[in-house]
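S.K.: 3D, please:
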Amino acid sequence: MRRNDREVTDPAKIREIIAACDCCRLGLCDEGRAYIVPLDFGFADCQGRYAFYFHGAREGRKADLIRKTGWAAFEMDCGHEWVRGETAWQTTSRFRSVMGGGPVTLLETEAEKRTGLLAILAHATGRDQWELGQAALEKTLVFRLDVEELTCKVHL
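M.R.: Next comes the predicted model:
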């Protein structure tokens, strides 16, 4: 990171920023070209090691690329605000962002899928008690990105 003065390393602050984000952009590689898709997400924090959960259709470009590469990058941000200055050089933007990457695993068992879907729902709604129908568990692709690389940056 070029601007070390904007780097965040405090685990509590990183978790706070992740929790404030409502979209995670997943970056996949498609024959040397970037494919980026915005997704709803949920997350688990196990002593500073994050797992991000996502869902989608069982078939399609995203699913195919996950099966093919098994790796993804991610980016999420929040707190956007333009600060207008008297000159162009004094104009800036405020933000908080987290990015990184790691291996992606397609979740196969009902228990794994349930964990992932409940994490997504909890993050999106603040509610962690949901009934998940058997048909939804069978038809939905649920996958997990285990974060191996993570950087967090804040410009306030």
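S.K.: name the helices or strands packed onto the helix or strand harbouring residue 37?
M.R.: Taking DSSP states H and E as the criterion, residue 37 maps to strand 33-39. Contact here means 3 or more CB pairs under 8 Å, 6 or more residues apart in numbering; DSSP states H and E; on that basis strand 33-39 packs against strand 24-30, helix 61-69. C-betas here are computed from N, CA, C, even on glycine.
S.K.: among those, which is nearest residue 120?
M.R.: strand 24-30 (10.4 Å; CB to CB).
S.K.: what does the model give the residue minimising distance to the centre of the chain for pLDDT?
M.R.: The chain has residue 24 as the residue nearest its centroid, 3.8 Å off, counting by CA atoms, centre = their mean. With respect to pLDDT, residue 24 has a value of 98.
S.K.: Return the residues in contact with it.
M.R.: Applying CB atoms under 8 Å, 6 or more residues apart in numbering, we find residue 24 in contact with 38-41, 52, 54, 74-76.
S.K.: Residue 107: neighbouring residues, count only.
M.R.: Look at residue 107: counted by other CB atoms under 10 Å, it has 21 neighbours.
S.K.: Grab the longest strand from this structure for me.
M.R.: Looking across the chain with DSSP state E, the single longest strand is strand 92-106.
S.K.: Check which helices and strands it is in contact with.
M.R.: Counting by 3+ CB pairs under 8 Å, 6+ apart, strand 92-106 packs on helix 11-20, helix 61-69, strand 71-83, strand 141-146, strand 149-155.
S.K.: Most tightly packed of these?
M.R.: strand 141-146 (a mean of 22; mean count of other CB atoms under 10 Å).
S.K.: so how far is the strand holding residue 37 from its chain's centroid?
M.R.: Relative to its parent chain, strand 33-39 has a centroid offset of 12 Å by CA atoms, centre = their mean, to the nearest Å.
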